[in-house]
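Engineer: Okay, structure incoming, though there's no sequence with it:
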């Protein structure tokens, strides 16, 4: 970037509409202050928790970012915090308008993508219903457990399994017969797992699929063999 940024905690004075900023959140984003609401109080900004956080300020800041996202009413103390950097340079109103137009295009594209994704999800569910008429339709863990039992019995007619819905939205599948490949069992059970984990951000989440929204699911689905457990 051609702008000079400094740590926000070192910036002295009021912020201004058109001022360039940088936020280290969400992978890092450059932005422009598009509006300031209320009276700024930079004199009240102070570090807390040995410099880990910041408190103070009175105004709220709107920032439009170069990736098309837009954050409104950010507390002044946040913008002046340790995860932000501030440039003394101020862009023209035309640059602000251009950034806002980019945001509107971003929103329109996101809405179109979400609509297409929802339509595909609905179509995928209808396809699954036709492909697997023998399975019970539903969305919860109890339905998922019953369907797992059905599929395991069809795949391994001579083998024995224990399929139990445990606490905390977890299904445990235990192989009770020898010579059953746990990996082959997991190929069936993995369709019912909608829990996710982002190791980069150490963040757990959910991803409901067409399968889990048709035949049930659980956040965690474990397969236990005699000597090991596969997630």
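Structural biologist: All right, it came through fine. Predicted model, so just to flag it, every value in this text is computed and none were measured. Numbering: from 1, shown residues only.

Engineer: Got the domain ranges for this structure?
Structural biologist: What automatic domain parsing lists as the domains of the chain is 5-106, 136-230.

Engineer: Reformat these as JSON lines; add mean pLDDT, distance to residue 123 and mean neighbour count.
Structural biologist: Just so you know, the C-beta spots here come from the backbone N, C-alpha and C atoms, and that holds for glycine as well. Converted to JSON lines, these look like this (pLDDT from 0 to 100; distance: least, C-beta to C-beta, whole Å; neighbours: other C-beta atoms under 10 Å):
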{"stretch": "domain 5-106", "mean pLDDT": "91", "distance to residue 123": "26", "mean neighbour count": "16"}
{"stretch": "domain 136-230", "mean pLDDT": "89", "distance to residue 123": "9", "mean neighbour count": "16"}
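
Engineer: Output the ones you listed in JSON lines; the columns should cover distance to residue 120.
Structural biologist: Shown next, in JSON lines, are the domains of the chain (distance: least, C-beta to C-beta, whole Å):
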{"stretch": "domain 5-106", "distance to residue 120": "21"}
{"stretch": "domain 136-230", "distance to residue 120": "8"}
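
Engineer: right, so of the ones you listed, which gets closest to residue 114?
Structural biologist: domain 5-106 (12.4 Å; C-beta to C-beta).

Engineer: hey, which helix is longest across the protein?
Structural biologist: helix 93-131 (DSSP state H).

Engineer: Now the element after the helix or strand where residue 34 lies, going C-ward?
Structural biologist: Assigned by DSSP states H and E, residue 34 falls within strand 29-37. For strand 29-37, the following helix or strand on the C-terminal side (DSSP H and E) is strand 46-48.

Engineer: distance between stretch 56-69 and the chain's centre?
Structural biologist: 21 Å (C-alpha atoms, centre = their mean, to the nearest Å).
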